[in-house]
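# Kindly generate the corresponding structure for this input.
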Amino acid sequence: MEKDYDNRKEPAYSMKLRAGRKRTYFFDVRPTRSEDYYLTITESKRKFDGEGYERHKIFIYKEDLNKFITVLNNTVDHIKTELMPDYDFDSFHKEDDIINITNSNYIKSDSVTTDTPVVEKTETANDEVVSEIDEDDLKW
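Predicted coordinates for the structure are as follows:
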């Protein structure tokens, strides 16, 4: 059975985080066929030989969002307070590494609410093409 990947929907919301010289994280909110939404977190790393990118994805569905955030926050807090209390995590935080690349067709108002300032807003998706997986194709 052949899949029609041209019918794939664009992200409803998308943020890009540059993490060093070789890594980029993409946070995309995508619609399902039934008009629900899910989050994909993609790590894209430039390959060692410089030829292309290696990508890893995590899919987080609506029923798991609160649990995921709770566990993530608890884990980060543990690192910052128990394991590395003297480390200056803020020394590497640069606002221009965080880019809003939301598809403007999904923005319901003229403002985008984020916890961080919007540095760049573009009409197109990121310049690194990330192959998408249809959530119906996933085997659990």
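
# And Val112, what's its pLDDT?
You'll see Val112 listed with a pLDDT of 39.

# With the one 3 residues further on instead?
In this prediction, Asp115 carries a pLDDT score of 40.

# Could you do Thr42 as well?
96.

# Repeat that for the one 4 residues further on.
Note on Arg46: pLDDT of 87.

# If you drop the residues flanking it in sequence, what lies closest to it?
Once flanking residues are discounted, Arg46 sits nearest to Lys22: 4.4 Å by Cβ to Cβ, 6 or more residues apart in numbering. In short, each C-beta sits where N, CA and C put it, glycine included.

# What degree of burial does that neighbour show, as a neighbour count?
Lys22 is flanked by 14 other residues according to other Cβ atoms under 10 Å.

# where are the low-confidence patches of the chain?
In the predicted model, the chain carries pLDDT under 70 at residues 1-8, 103-140.

# All the strands of it, residue numbers only.
13-19, 23-31, 37-46, 53-61, 98-100 (DSSP state E).

# Mind listing the strands the last one pairs with, and their directions?
What it means is strand 98-100. Partner strands and pairing direction for strand 98-100 (DSSP bridges) are strand 13-19 (antiparallel).
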